[in-house]
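Colleague: Following is a predicted model, sequence given first.
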Amino acid sequence: MFAPERVWWAPLHRLEKSWVLIAFVWCLFLTAMMPIWLIVGKQNVPAETFRVNPDTYREQVNEFAALHEVTTADGETVVAPPPGDVYAYAQRFSFFPVLQLEKGEEYRIHISSLDVQHGMSIQPVNLNFQVLPGYDYVLTMTPTESGEYTIVCNEFCGLGHHGMFGKIIVTG
């Protein structure tokens, strides 16, 4: 048995050292950017989180929907609450209720899951949130453009996941 002429433990060549140094500096830069972007980045939606019981939360949302229901569209309850706290939930394979919000008003949207983890992606503005059972996520939002926004579940939640949509209607 003979050892190969070039062995892995031989000293690095100058070019190899340069690339290792560049990769290390790049890793340090990306690591530093994570907390900087968290603080400086304007994409971070202000949110609060509270523990809730899913059954109690369902009752709270149903009472809220009954109080603020304005119409039914395509078999879905549409609510038009005043600015302030708004309640909704996700469950296989729907979001409830459809929210009708006023442009320029500030809303605190409470959202929770009643069964499994869901994603909440508001399109076309591309806001993305994870919605977990047992947690009430409070998202502070002020709609700035009128129109219809689709809520898409972007976290696989079962066989009907592909058809899980909700809606936010912004008027005014």
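Modeller: It's in. Fair warning: this is a prediction, and the values are worked out from it, not measured in the lab.

Colleague: what about the closest residue to residue 152 other than its chain neighbours, neighbour count?
Modeller: With sequence-adjacent residues excluded and distances taken as CB to CB, 6 or more residues apart in numbering, residue 152 is closest to residue 121, at 4.6 Å. C-beta coordinates here come from the backbone N, C-alpha and C atoms, glycine included. Counted with other CB atoms under 10 Å, the neighbours of residue 121 add up to 15.

Colleague: Check which residues of the helix or strand where residue 121 lies are buried.
Modeller: Element membership for residue 121, per DSSP states H and E: strand 118-123. For strand 118-123, burial by neighbour count (16 or more other CB atoms under 10 Å) applies to 118, 119, 120, 122.

Colleague: Now render these as TSV, adding pLDDT and distance to residue 15.
Modeller: TSV is the format used below for the buried residues of strand 118-123 (pLDDT from 0 to 100; distance: CB to CB, whole Å):
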residue	pLDDT	distance to residue 15
118	95	50
119	92	45
120	92	48
122	90	48
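
Colleague: Let me see the contact set for the residue nearest to residue 152.
Modeller: 127, 128, 129, 151, 152, 153, 154 (CB atoms under 8 Å, 6 or more residues apart in numbering).

Colleague: Weed out the non-buried ones from those.
Modeller: Buried members of the contacts of residue 121, counted by 16+ other CB under 10 Å: 129, 151, 153, 154.

Colleague: Output stretch 162-172 as CSV, nothing but the C-alphas.
Modeller: Provided in CSV are the C-alpha atoms of stretch 162-172 (Å, rounded to 0.1, in the frame of the first residue of the first chain):
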residue,chain,number,x,y,z
HIS,A,162,-55.6,22.9,-1.9
GLY,A,163,-59.1,24.4,-1.6
MET,A,164,-58.6,26.3,1.7
PHE,A,165,-59.3,30.0,1.0
GLY,A,166,-60.7,32.9,2.8
LYS,A,167,-61.4,36.5,1.9
ILE,A,168,-60.9,40.0,3.2
ILE,A,169,-63.0,42.7,1.4
VAL,A,170,-61.7,46.3,1.9
THR,A,171,-64.2,49.0,1.1
GLY,A,172,-64.0,52.8,1.0
